[in-house]
Every structure is written in structure tokens, then in C-alpha cells.
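*Asks:* When you get a sec, could you give me coordinates for this:
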Amino acid sequence: MTNIFVKSEFAPLKRVVMAQSEFAFPSKDELTDDEFLTEETLALYAGVDTKGKNYKDVFPERQQQWELERLNLKKVLEKYGVEVHSPRLLTDYEKELGKEDGYSNFFVRDPFFTIGPLLIEGSLRFPHRRNEILPVRHLLAQEANENQCYYVSIPKPDMAEGQASEAGPFLEGGDVLVLDKIIFVGNSGLASNQNGVQWLRNLASNFDYTVVEVPLHPTILHLDCALSLVRNGLIIVCEEAFLDGIPEQLKDWDKIHVSLEDAARLATNGLPVNEQVYITDKEFTWIGEQLEQKGITVEYVDFKISRSFGGSFRCSTQPLLRTER
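*Replies:* Prediction:
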């Protein structure tokens, strides 16, 4: 039996990597992804000297809250028997190297992802996130050495026309949702792109997977910011976010609807532990109540600080093993 396999987004979660809480502001003037920050967060940063500084030095109390959020999530996961792993912390050299663009080691969903027996290193669009794979790579190498799986990496982004080149290929784990032999991949023009989708299609077709590209509203960073597969036949979804409508495979599923505004607040970025248990923020009790009416146990974790960075529960985790076996 292998310890690397993801059957679906809601198959019982048994092993997972959970993110660290490291972030530093760029030493150059602009934030590269400030459009994904909440108004409250932008107001918090206004008038504060953040240039080139570590978040924990500028906002020490919020840093403690942030770390506590992740610890509380870990406790809930372990309550259900989930084995939790973490990336290492960044080295002083890595921090110094990332000073200009800022560095982050805070959302492990994007730098790698698992599809069936495929352990795949992704390719991130924002320059300050492109080395996020490094703190987790030792875990991936160890898992690949100890388990029956395929450990591969998408090509490094083409920068022939500069660091901001659109060529990619870009492929981020937040855009990748697994449903048995179907893989949905979001594309809003902000993260994954068509070159990344095609690369995954070429790879996954060798394992009998079908890759479905999902065009997204240009304000949606990742597919998991607009869609959550809660259990077989049930989704939480922001229909406004889908330029071509909800994917055909999901159109007949029962739906809990959220607005584009709520999607921006990460309302769909909860985490199924299995088909009976779902983790979400207490900010979204109205979603939790609808889930409970459908017989699902809802675990609430305050994730306010994590969400202020533009990610939530799914963004903070990446499964290694999701299977009924």
C-alpha cells in the first residue's frame, strides 16, 4: 500500500502537509499581489513602514495569532486521525535572497499538488512565490523514496521576455481539483495558464485522467476560491466566477451558493476531512448551517489572519493521502 494517493477532494484525508506562517514584505515599493488582500489588511498596512521587513517584526501579535490559527487547524485534523507534516522554515540565506520581491512560506497548496499517485511540483506566477517549493522539497523527496508514486516537476517558467513573461508554463495547486479520473484546472489569467493546463493534460492522459480547463472571472485567483467539492453530489460554489458556467460534470450537483464578494473572502476555501466532516471559518456559519442541514459535521476554526493574506484552509494544506483504503 502506498502512502501517496489522492482520489478526490473529499475522499478521507489521512496524510497532509500543512503550511508554515512566514512572510516578508518586498523591499521595493509595490506589493505584487495586493489585489488579493482584504480592505482591512490594506488599511492595516497603510502608513506603516513595512518595506523589506518580516511580518512578525512589524505585527508581532498578529504573527502569534496566525501561528495559533494553524496550530488549531492541526488539532482539528489530528482529532480525525489525520497525520500532519510541515515544510521546514526558510533559511537566513533564502530570506536574504528574497528580500527584493518579498518572501513567503505560507500557503503550501500551490507549490505542489497530488493527483492519484502523481506528486507534482507546480510553477507559480508571482516572482516572490516561485521558490516556495524549496521548504517542502525534502518532504517530497522523502515521500517519493519511500512510496510507490511518480514524483515530477513542471518546467521552470520561461523568462526569455523578462520575469513578467506570460509564457509560463504556470500551474498552481489552488487551481487543481481532483474528482476521481477528472481533474478541474482553473484559469483566470492570474495564476495557472493554458500552457500549464496543457502540460498537465499531456502528463495525466498517460494515467487515464481527463483534464477540464475552467475559465474564471479575472478577479478570482484560484479555482478553489470559487468552488469546493464537499462530498459526492454537493458543492459550495460562486456561479458568477465561472465564465462558461459550472463545469458540465458538476451542473446537476446540489449547490450552496456564495456571491463574488463572499468568494473574495474565501467562503469556498474550506476543507473536507471526508464526506461527513467539513472545516470552515466561523465567519461563514451561514454556510456551516446549510452543511449541517445536509448531515455534515462542521468544525469551525478562526482563520482571520490566514485569510488576510488571501488564502484559507485549502490553501494552507496539501494532501498526500486521500483514499477509502
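
*Asks:* Let's test this: name the helix or strand in the protein with the lowest mean pLDDT.
*Replies:* Lowest mean confidence among the helices and strands of the chain (mean pLDDT, DSSP states H and E): helix 39-45, at a mean of 79.

*Asks:* Please give the element, helix or strand, for E96.
*Replies:* For E96, the host element (DSSP states H and E) is helix 92-97.

*Asks:* How about R70?
*Replies:* Judged by DSSP H and E, R70 forms part of helix 60-79.

*Asks:* one step back: please compute how far the least confident helix or strand of the chain lies from its chain's middle.
*Replies:* 22 Å (Cα atoms, centre = their mean, to the nearest Å).

*Asks:* same thing with stretch 47-61?
*Replies:* The answer for stretch 47-61 is 24 Å, by Cα atoms, centre = their mean.

*Asks:* Go through that stretch and flag the buried ones.
*Replies:* For stretch 47-61, burial by neighbour count (16 or more other Cβ atoms under 10 Å) applies to 50, 53-56, 58-59. C-betas here are computed from N, CA, C, even on glycine.

*Asks:* SS state for D224?
*Replies:* Secondary structure assignment for D224 (DSSP: H, G, I helix; E, B strand; the rest coil): helix.

*Asks:* Quick check: it vs L266, distance?
*Replies:* Distance of D224 to L266, computed by Cβ to Cβ, to the nearest Å: 9 Å.

*Asks:* List the contacts of W66.
*Replies:* Residues counted as contacts of W66 (Cβ atoms under 8 Å, 6 or more residues apart in numbering) are 21, 305-306.

*Asks:* Helices - which of the buried residues of stretch 47-61 land there?
*Replies:* Judged by DSSP state H, the buried residues of stretch 47-61 include 55-56, 58 as members of helices.

*Asks:* just to revisit the earlier point, most neighbours among the contacts of W66, which one?
*Replies:* Neighbour counts for those (other Cβ atoms under 10 Å) peak at S306, which has 26 neighbours.

*Asks:* Quick one: low-confidence residue ranges for the protein.
*Replies:* Filtered on pLDDT under 70, the chain yields the residue ranges 1, 29-38.

*Asks:* Kindly recompute the last result at 80.
*Replies:* For the chain, the stretches flagged by pLDDT under 80 are 1, 29-42, 47, 163, 325.

*Asks:* Show me where it has its helices.
*Replies:* Secondary structure of the chain (DSSP H): helices at 39-45, 55-58, 60-79, 92-97, 134-146, 194-204, 260-264, 285-293, 304-308.

*Asks:* and those helices as TSV, adding distance to D244?
*Replies:* Rendered in TSV, the data for those read as follows (distance: least, Cβ to Cβ, whole Å):
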stretch	distance to D244
helix 39-45	30
helix 55-58	38
helix 60-79	33
helix 92-97	40
helix 134-146	33
helix 194-204	14
helix 260-264	16
helix 285-293	25
helix 304-308	28
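
*Asks:* gap between A191 and A11?
*Replies:* Using Cβ to Cβ, we find A191 at a distance of 24 Å from A11.

*Asks:* Just confirm V211 contacts N187, I think it does.
*Replies:* No - with contact defined as Cβ atoms under 8 Å, V211 does not reach N187; the gap is 11.3 Å.

*Asks:* what's stretch 14-21 in contact with?
*Replies:* Around stretch 14-21, the neighbours that count as contacts under Cβ under 8 Å, 6+ apart are 3, 63, 66-67, 70, 73-74, 77, 81-89, 105-109, 135-136, 139, 315-323.

*Asks:* If any of those are buried, give me the PyMOL selection for them.
*Replies:* Selecting only the buried entries of the contacts of stretch 14-21 in PyMOL, with 16+ other Cβ under 10 Å as the criterion:
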select buried, resi 63+66+70+73+74+77+82+86+87+105+106+107+108+109+135+136+139+315+316+317+318+319+320+321+322+323
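
*Asks:* Looking at the contacts of stretch 14-21, which are in strands?
*Replies:* Counting by DSSP state E, the contacts of stretch 14-21 place 83-85, 105, 317-322 in strands.
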